[in-house]
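Novice: This is a predicted model, with the sequence first.
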Amino acid sequence: FDIKAVDLRSDTLTLPSGEMREAMASALVGDDVYGEDPTVIRLQEEAAALVGKEDAIFVPSGTMGNQLAILAHTERGDEVLADSQAHIYYYEVGAPAMWAGVSIRPLDGLLAGGGLDVLRNALRPADIHFPATRLVCLENTFNRGSGTVMFPDEMKDIYHFAGSKGLKVHLDGARLFNAAVFLGKDVREFTANCDSVMFCLSKGLGAPVGSMLAGDSGFIARARKYRKALGGGMRQAGVLAAAGLVALKNINRLEEDHRHARVLAKGLSALPVFEIELDRVQTNIVVARVAGGIPASGLVRMLGEKGVKCSAFGPDLVRFVTHLNVGPEDVEYTLKAAGELSVNTP
Ligand SMILES: Cc1ncc(COP(=O)(O)O)c(CN[C@H](C(=O)O)[C@H](C)O)c1O
């Protein structure tokens, strides 16, 4: 059983391809703070057109894209609504309070189906005791929901209801193309139902760095100013944007990651130590409950010893993420390694 390395911790681990490296090396560049980097400009124009928005800005990370959206949509003291398990609340270091001076009210179930009722029940009347609620954040696909997809119709209901109450909607679309590919729909069917959208180039699409934030031109102008304030004004960033342009060609191959995730989930669920809701495995993320009282950290360690890396996703939850650098043979190897575990697991 020769040990090999299979890294399923996250799709953030994707490595730049040879084509990306060539594009990076030969990229036309200029000073992007002066608005003079032709490759950044091209990427921003292509990204805006792709998601059907007026303008877009290239940012170093999905987290910065999300935080710029909050800054550009709100004033200090406003309230933002997000799912309690949303990345923007769960994994972004409390940044909305740190930079935007806003509070996030965590809502259980906003992203897990029935979001409109959750939102409707969360709204409060104007009252001297209550902050002004300004923004609703959605996430598609839903990372901590095991990469599940919010259908465009549900997004439309939420978007129209939010709009009727004067709220803006920001979509954390870190893995939005995974959602579009899962449904076989144009990504604009999703983005027509939000005021701003962030999507990552650096995850399943394979770029080494970067995300795009898109919205109307006034919003992007505000986001650009806040990015500068956060020290995110970049100089010859065309070197990175060139990889992003190549990454956009990887959208259609995402179905391969989804297929690998389904094969992995099916194989793992046949083993006594993993409990998986197979209908929730829609894209490239597999979340498994660890049975037998084994802590997730223990399972991560035992699989690690066999060369398979995955993430603990809670005390008894583990996450496997398929991506560009994971092939069918890696899935097979993972199932073999996991199969060995189950035999030896008490
Ligand atoms: C839905 C969503 N939105 C935003 C981000 C932030 O993107 P980056 O700041 O890492 O570029 C992530 C990254 N997710 C990472 C991962 O899944 O391994 C970790 C948890 O931060 C994300 O999953």
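Specialist: Perfect, thanks for sending it.

Novice: how close does the residue in the stretch 51-200 of the chain that the ligand sits nearest to sit to Pro125?
Specialist: Closest approach between the stretch 51-200 of the chain and the ligand, counting by C-beta to the nearest ligand atom: Gly62, at 2.6 Å. For every residue, glycine as well, the C-beta is placed using N, CA and C. As for Gly62, its distance to Pro125 is 34 Å (criterion: C-beta to C-beta, to the nearest Å).

Novice: just how off-centre is the helix or strand of the chain with the lowest mean pLDDT within its chain?
Specialist: Within the chain, no helix or strand scores below helix 328-344, which has a mean of 88 by mean pLDDT, DSSP states H and E. In this view, helix 328-344 has its centroid 27 Å away from the chain centroid, taken as C-alpha atoms, centre = their mean, to the nearest Å.

Novice: Identify each buried residue in it, please.
Specialist: If you call a residue buried by 16 or more other C-beta atoms under 10 Å, then helix 328-344 has these buried ones: Asp330, Val331, Tyr333, Thr334, Leu335, Ala337, Ala338, Leu341.

Novice: hmm, back to that, relative to Ser211, how far out is the residue of the stretch 51-200 of the chain closest to the ligand?
Specialist: Taken as C-beta to C-beta, the span from Gly62 to Ser211 is 4 Å.

Novice: overlap in contacts of the two?
Specialist: Jointly contacting Gly62 and Ser211 under the rule C-beta atoms under 8 Å, 6 or more residues apart in numbering are Ala174, Met198, Cys200, Ser202.

Novice: out of those, who has the most neighbours?
Specialist: Using other C-beta atoms under 10 Å as the neighbour criterion, Met198 leads those with 32 neighbours.

Novice: Any idea how many residues pack against the residue lying closest to Gly215 once chain neighbours are set aside?
Specialist: The shortest distance from Gly215 to any non-neighbouring residue, by C-beta to C-beta, 6 or more residues apart in numbering, is to Ser196 (3.7 Å). Using other C-beta under 10 Å, Ser196 has 30 neighbouring residues.

Novice: which residues does Ser196 contact?
Specialist: Contacts for Ser196 (C-beta under 8 Å, 6+ apart) come out as Lys53, Ala69, Ala72, His73, Lys168, Val169, His170, Leu171, Leu213, Ala214, Gly215, Phe219.

Novice: Do you know the pLDDT at it?
Specialist: Looking at Ser196, its pLDDT reads 99.

Novice: If it is in a bridge, with which residues?
Specialist: His170 (DSSP bridges).

Novice: How much space separates it from Val290?
Specialist: Taking C-beta to C-beta, one finds Ser196 at 37 Å from Val290.

Novice: could you dump the buried residues of helix 328-344 to JSON lines with distance to the ligand?
Specialist: Below are those laid out as JSON lines (distance: C-beta to the nearest ligand atom, whole Å):
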{"residue": "Asp330", "distance to the ligand": "18"}
{"residue": "Val331", "distance to the ligand": "19"}
{"residue": "Tyr333", "distance to the ligand": "21"}
{"residue": "Thr334", "distance to the ligand": "17"}
{"residue": "Leu335", "distance to the ligand": "22"}
{"residue": "Ala337", "distance to the ligand": "21"}
{"residue": "Ala338", "distance to the ligand": "20"}
{"residue": "Leu341", "distance to the ligand": "23"}
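
Novice: that older thread, tell me the one among the contacts of Ser196 nearest to Arg259.
Specialist: Closest to Arg259 out of those is Leu171 (25.4 Å), distances taken as C-beta to C-beta.

Novice: Could you double-check that the closest one sits in contact with Val136?
Specialist: No - Leu171 lies out of contact with Val136 (C-beta atoms under 8 Å); the separation is 9.7 Å.

Novice: if we can go back for a sec, neighbour count winner among Gly62 and Pro125?
Specialist: Gly62 (27 against 5).

Novice: ok, which residues in the stretch 151-300 of the chain are in contact with the ligand?
Specialist: Asp172, Ala174, Cys200, Ser202, Ser211 (C-beta under 6 Å from any ligand atom).

Novice: Next, count neighbours for the closest residue to Lys203 other than its chain neighbours.
Specialist: Nearest residue to Lys203, sequence neighbours excluded (C-beta to C-beta, 6+ apart): Asp11, at 4.4 Å. A total of 27 residues lie near Asp11 under the criterion other C-beta under 10 Å.

Novice: Okay, buried residues for stretch 210-220 please.
Specialist: Those buried within stretch 210-220 under the rule 16+ other C-beta under 10 Å are Gly210, Ser211, Met212, Leu213, Ala214, Gly215, Phe219, Ile220.

Novice: quick one: contacts for the second one?
Specialist: Spelled out, that is Ser211. 58-62, 64-65, 174, 198-202 are the contacts of Ser211 under C-beta under 8 Å, 6+ apart.

Novice: Go again with 10 Å.
Specialist: Ser211 is in contact with 47, 57-66, 172-174, 198-203, 205, 244, counting by C-beta atoms under 10 Å, 6 or more residues apart in numbering.
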